[in-house]
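Sharing a sequence plus its predicted fold:
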Amino acid sequence: MFYRLSGTYHTSYEADRKLWKIPTDRWLVVAVLLLALLAPLYVSPLYLGSYVLPWVIWSAAALSLTLLMGLAGQLHFGFAAVMAIGAYASIHLVRFGVPFELALLLSGLIAAVIGAVFGGAALRVKGLYLVMATLAMQYLVDWVVVNVPAISGGAHATLRTPAVSFLFMPVESLAARYWLALGWAVLLTVFFMNVKRTSFGRALVAIRDKDFAAAVIGVDPFKTKLMAFFTSSFMGGVTGAILAFCFYRAVTPEQFGFNVSIQLVAMVLVGGLGSVIGSWLGAGFVLLAPIFLTNLVSGLAAAGWVPVSQNFLSHLPLMIYGAMIIGFLLLEPLGLAKIYDNIRKYFLVWPFRHARS
């Protein structure tokens, strides 16, 4: 009964432009943020390091890609290469004596420049042709990383991350690494929620809907698309650096392959294009659902409730996972974010029957 629009009056433009106009929304955001900040205190190290930490980092990666795919409408099937550039650049910069804070920014800038170069070369094409251009970036970066020992140390070498500190706080303990990743993810979330209300965000939406019409009303398609690639690649490069230092702590070329790019696209699509909460839900679903399904099927098989062969049992979680993705997209093509929005709107007018409209 507390989740109501009744009694909420907008007497100024500032009140009407609030991100969360309903008081309950604001309290929910504060509660979720407090739970996230205090997670190292009540979540076991196993679950924090294996589930929560990667979920936070990959949500930041999904938000970075959502800016390009969801707002600008530009397909990108090589975003793992952007993250690889940020990860390897940050490690080498720190090894050269650059402070970690500056290394994060420089690694994002390097990834942004390279991403903008490939994006600029692909701005004259659309659709599947743009996909092929981003695929070329993915395979080219993979080849360079594997075949240039100065970058990765060799084809099968592992590049360890050096010990660093962020704002005089050593990034060594699990809690410190989690808080750093959470801070970056929250920063991207706040940025994404506000960029939609800026002239840059509105220009991205105009380009996504119809670039010819956007050009008629004064939006420069080339400049706007280039800025979209630059901004998205910058965020992806910093996220790749945080992924390397906070989660992997030792990087190999296989960690940023083409399959990772496909997973990132799946996070954006399953969560909902252009949605902030969809990026979080999509990342959680794509990252955690296969793990939970594998544990569930293994438990049922150990109890004797799934009398199938071991070979079939090893593929059953992935089959269920794929069926769940297809089911979500068939039942709600706008993704998990739309399902959340439907539930939220239901409670706005509950218990009245017109809640489902």
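Structure received.

for Ile110, what are its contacts?
With contact taken as C-beta atoms under 8 Å, 6 or more residues apart in numbering, Ile110 is in contact with Ile85, Gly86, Ala89, Gly237. All C-beta spots, glycine's among them, are computed from the backbone N, C-alpha and C.

hmm, try it at 7 Å
Ile85, Ala89, Gly237 (C-beta atoms under 7 Å, 6 or more residues apart in numbering).

out of those, who's nearest Asp220?
Distance to Asp220 across these (C-beta to C-beta) is lowest for Gly237, with 24.4 Å.

now stretch 304-314: how far from the chain's centre is it?
34 Å (C-alpha atoms, centre = their mean, to the nearest Å).

list the buried ones in it?
Leu313 (16 or more other C-beta atoms under 10 Å).

hmm, who's touching it?
Val297, Leu300, Ala301.

Skipping its backbone neighbours, what lies nearest the last one in space?
Distances taken as C-beta to C-beta, 6 or more residues apart in numbering place Leu313 nearest to Ala301, at 5.5 Å, with adjacent residues excluded.

any idea which helix or strand carries that neighbour?
If you go by DSSP states H and E, Leu313 is part of helix 310-331.

Identify each buried residue in that helix, please.
Leu313, Leu316, Pro317, Ile320, Tyr321, Ile325, Phe328.

Val270 is in contact with the last one, correct?
Yes: applying C-beta atoms under 7 Å as the test, Phe328 and Val270 come out as touching, 6.2 Å apart.

Spit out the residues that contact those two alike.
Leu336.

Can you report how many residues lie near Leu33?
Neighbour count of Leu33, defined by other C-beta atoms under 10 Å: 12.

For it, what are phi and psi?
In terms of degrees, to the nearest 10, the main-chain angles of Leu33 are phi -60, psi -40.

ok so, going back, so how far is Val146 from the residue nearest to Ala301?
34 Å (C-beta to C-beta, to the nearest Å).

for Val297, same thing?
Counting by C-beta to C-beta, the gap from Val297 to Val146 is 35 Å.

Compare these two (neighbour count), which wins?
Shown here are Val297 and Val146; by other C-beta under 10 Å, Val297 has more neighbours (20 against 17).

OK, contacts around that one?
Val306, Leu313, Leu316, Pro317.

Need the pLDDT of it.
At Val297, the model reports a pLDDT of 78.

Same check on Val131?
According to the model, Val131 carries a pLDDT of 83.

can you pull out the strands in this protein?
159-160, 165-166, 169-170, 250-251 (DSSP state E).

So which of these is the most surrounded?
Stretch with highest mean neighbour count among the strands of the chain: strand 250-251 (a mean of 18; mean count of other C-beta atoms under 10 Å).

on that earlier part again, extract the C-alpha trace of the helix holding Leu313 and format it as CSV.
In CSV, the C-alpha atoms belonging to helix 310-331 read as follows (Å, rounded to 0.1, in the frame of the first residue of the first chain):
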residue,chain,number,x,y,z
GLN,A,310,26.4,-38.8,-18.0
ASN,A,311,27.0,-37.4,-21.5
PHE,A,312,23.4,-36.1,-21.8
LEU,A,313,23.6,-34.8,-18.2
SER,A,314,26.6,-32.7,-19.0
HIS,A,315,24.7,-30.9,-21.8
LEU,A,316,21.3,-30.7,-20.0
PRO,A,317,22.0,-27.4,-18.2
LEU,A,318,23.0,-25.6,-21.4
MET,A,319,19.9,-27.0,-23.1
ILE,A,320,17.7,-25.7,-20.3
TYR,A,321,19.6,-22.4,-20.4
GLY,A,322,19.0,-21.9,-24.1
ALA,A,323,15.4,-22.8,-23.8
MET,A,324,15.0,-20.2,-21.0
ILE,A,325,16.5,-17.5,-23.2
ILE,A,326,14.2,-18.4,-26.1
GLY,A,327,11.2,-18.5,-23.7
PHE,A,328,12.0,-15.1,-22.3
LEU,A,329,12.4,-13.5,-25.7
LEU,A,330,9.2,-15.1,-27.0
LEU,A,331,7.1,-14.2,-23.9
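
Met193 is in contact with Leu19, correct?
Yes: counting by C-beta under 7 Å, Leu19 does reach Met193; the two are 5.7 Å apart.

got the buried residues for the longest helix along the chain?
Longest helix of the chain, by residue count under DSSP state H: helix 276-302. By 16+ other C-beta under 10 Å, the buried positions in helix 276-302 come out as 276-290, 293-294, 297.

Could I get the phi/psi values of Pro162?
Phi and psi for Pro162, reported as degrees, to the nearest 10, are phi -70, psi 160.

Could you tell me the model confidence score at it?
Pro162 is given a pLDDT of 91.

and the closest residue to it other than its chain neighbours, how many neighbours?
Using C-beta to C-beta, 6+ apart and skipping the chain neighbours, the partner closest in space to Pro162 is Val94 (5.3 Å). As a burial measure, Val94 scores 21 neighbours (other C-beta under 10 Å).

Isn't Val94 up against Glu101?
No: using C-beta under 7 Å, Val94 is not in contact with Glu101; the gap is 10.4 Å.

CA atoms only: put stretch 278-298 into PDB for me.
As requested, the backbone C-alpha atoms of stretch 278-298 are provided in PDB (Å, rounded to 0.1, in the frame of the first residue of the first chain):
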ATOM      1  CA  GLY A 278      18.100  -4.600 -17.800                       C
ATOM      2  CA  SER A 279      21.900  -4.600 -18.000                       C
ATOM      3  CA  TRP A 280      22.100  -5.800 -14.400                       C
ATOM      4  CA  LEU A 281      19.400  -8.400 -14.800                       C
ATOM      5  CA  GLY A 282      20.800  -9.600 -18.200                       C
ATOM      6  CA  ALA A 283      24.300  -9.900 -16.800                       C
ATOM      7  CA  GLY A 284      23.000 -11.800 -13.800                       C
ATOM      8  CA  PHE A 285      21.000 -14.200 -15.900                       C
ATOM      9  CA  VAL A 286      23.600 -15.000 -18.500                       C
ATOM     10  CA  LEU A 287      26.400 -15.300 -16.000                       C
ATOM     11  CA  LEU A 288      24.700 -17.000 -13.100                       C
ATOM     12  CA  ALA A 289      21.900 -19.100 -14.600                       C
ATOM     13  CA  PRO A 290      24.200 -21.700 -16.200                       C
ATOM     14  CA  ILE A 291      26.000 -22.100 -12.800                       C
ATOM     15  CA  PHE A 292      22.700 -22.600 -10.900                       C
ATOM     16  CA  LEU A 293      21.300 -24.900 -13.500                       C
ATOM     17  CA  THR A 294      24.400 -27.100 -13.500                       C
ATOM     18  CA  ASN A 295      24.300 -27.300  -9.700                       C
ATOM     19  CA  LEU A 296      20.600 -28.100  -9.700                       C
ATOM     20  CA  VAL A 297      20.900 -30.800 -12.400                       C
ATOM     21  CA  SER A 298      23.900 -32.300 -10.700                       C
END
